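Enquirer: can't give you the sequence, but here's the structure:
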């Protein structure tokens, strides 16, 4: 499972289409709060979280803090997607700069181990 967290519906749908076409089951959330609710309800962590940084309600920074505090997912499962050129993500978190290509996203997800 890959969780896509972005407030832009078009980006969520595009990423979902790409990942679905490559055999990944997906879930989506429009902000960090919705992502946390989804993560808390799961019995196993997702293979990866594609997490936008700039969102209303709860941004990606706040979501990462809560994910780490609650130990919902390890950092190596988080892939930040951002238009911020100078975004400094925590160690262990990968960042993909927007605009991104399908290949960039697929390669980043493929580097994450499958969840048992």
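Expert: Perfect, thanks for sending it. Here the structure is a predicted model, which means the values were calculated and not measured.
Enquirer: Could you report the neighbour count for residue 34?
Expert: Using other C-beta atoms under 10 Å as the criterion, residue 34 is surrounded by 19 other residues. Yep, even glycine has a C-beta here, placed from its N, CA and C like the rest.
Enquirer: Helix, strand, or coil at it?
Expert: Here residue 34 is helix, with the state taken from DSSP: H, G, I helix; E, B strand; the rest coil.
Enquirer: and if you look at residue 72?
Expert: Three states are possible here, and by three-state DSSP the one that applies to residue 72 is coil.
Enquirer: OK, contacts around it?
Expert: Residues in contact with residue 72 (C-beta atoms under 8 Å, 6 or more residues apart in numbering) are 36, 39-40, 45, 66.
Enquirer: Look up phi and psi at it.
Expert: In this entry, residue 72 is assigned phi and psi values of phi -80, psi -30 (degrees, to the nearest 10).
Enquirer: so what's the residue most central in space within the chain up against?
Expert: In the chain, the residue lying closest to the centroid (C-alpha atoms, centre = their mean) is residue 50, at 1.8 Å. Residues touching residue 50, when contacts are defined by C-beta under 8 Å, 6+ apart, comprise 2-6, 15, 79, 81, 105, 109.
Enquirer: Wait, a strand at residue 67?
Expert: No - according to three-state DSSP, the state of residue 67 is helix, so it is not within a strand.
Enquirer: what ranges do the helices span in this protein?
Expert: For the chain, the helices defined by DSSP state H cover 9-21, 32-41, 60-70, 102-110.
Enquirer: for these, which one sits closest to residue 93?
Expert: With C-beta to C-beta as the measure, helix 60-70 is the member of these nearest residue 93 (7.1 Å).
Enquirer: which residues of the chain score low on pLDDT?
Expert: Low-confidence segments of the chain, defined by pLDDT under 70: 116.
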